[in-house]
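Novice: I need the structure of the sequence given here:
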Amino acid sequence: MFGKKKLSGTPVQHYEGLDFPANYPCRIEIIGSNFVITRIKPETTVTLPLDQIKSFSAMEEPDFMLKYHGEAKTTSKAKGINKYYLVVDYTSKDGQEKRLVFWGTASEYGEFVKFQFGNAGTSGSYSL
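Specialist: Below is the predicted model:
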């Protein structure tokens, strides 16, 4: 009754693709026909229409690092805590292919998989 207000969305860390600093906390969720990213303190909201998203990909850190950075390494400083990545490939309003990347721990990985498979049927056609 008097507890903290539960925030909506999945808590993640921004990794690359936005003008937020790397490892900056934010929340991601799908609201209506938009993928919404909300940066925490100072709050900033970024909205990406789902029809511009080509794919969501959930992967473990070594797989992500190998595919996008050329070396299968881990960046976690804590032993036994694995990082998982959500890669969002999309087409920008001006027609450029772009990517957003977020990371989380095992507790967020299930949500990443839901993004990947729950939204695999996003529209194959879109307007720029």
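Novice: Let me see the contact set for the residue lying closest to residue 100 once chain neighbours are set aside.
Specialist: Distances taken as Cβ to Cβ, 6 or more residues apart in numbering place residue 17 nearest to residue 100, at 3.7 Å, with adjacent residues excluded. To be clear about C-beta, it is placed using only N, CA and C from the backbone, and glycine gets the same treatment. Taking Cβ atoms under 8 Å, 6 or more residues apart in numbering, we find residue 17 in contact with 88, 98, 99, 100, 101.
Novice: Tell me who's in contact with the fourth one.
Specialist: For residue 100, the contacting residues are 16, 17, 18, 37, 48, 87, 88, 90, by Cβ under 8 Å, 6+ apart.
Novice: The nearest residue in space to residue 60 that is not next to it in sequence: what's it in contact with?
Specialist: Nearest non-adjacent residue to residue 60, counting by Cβ to Cβ, 6+ apart: residue 84, 5.8 Å away. Contacts for residue 84 (Cβ under 8 Å, 6+ apart) come out as 58, 59, 60, 61, 103, 104, 105, 106, 108, 109, 112.
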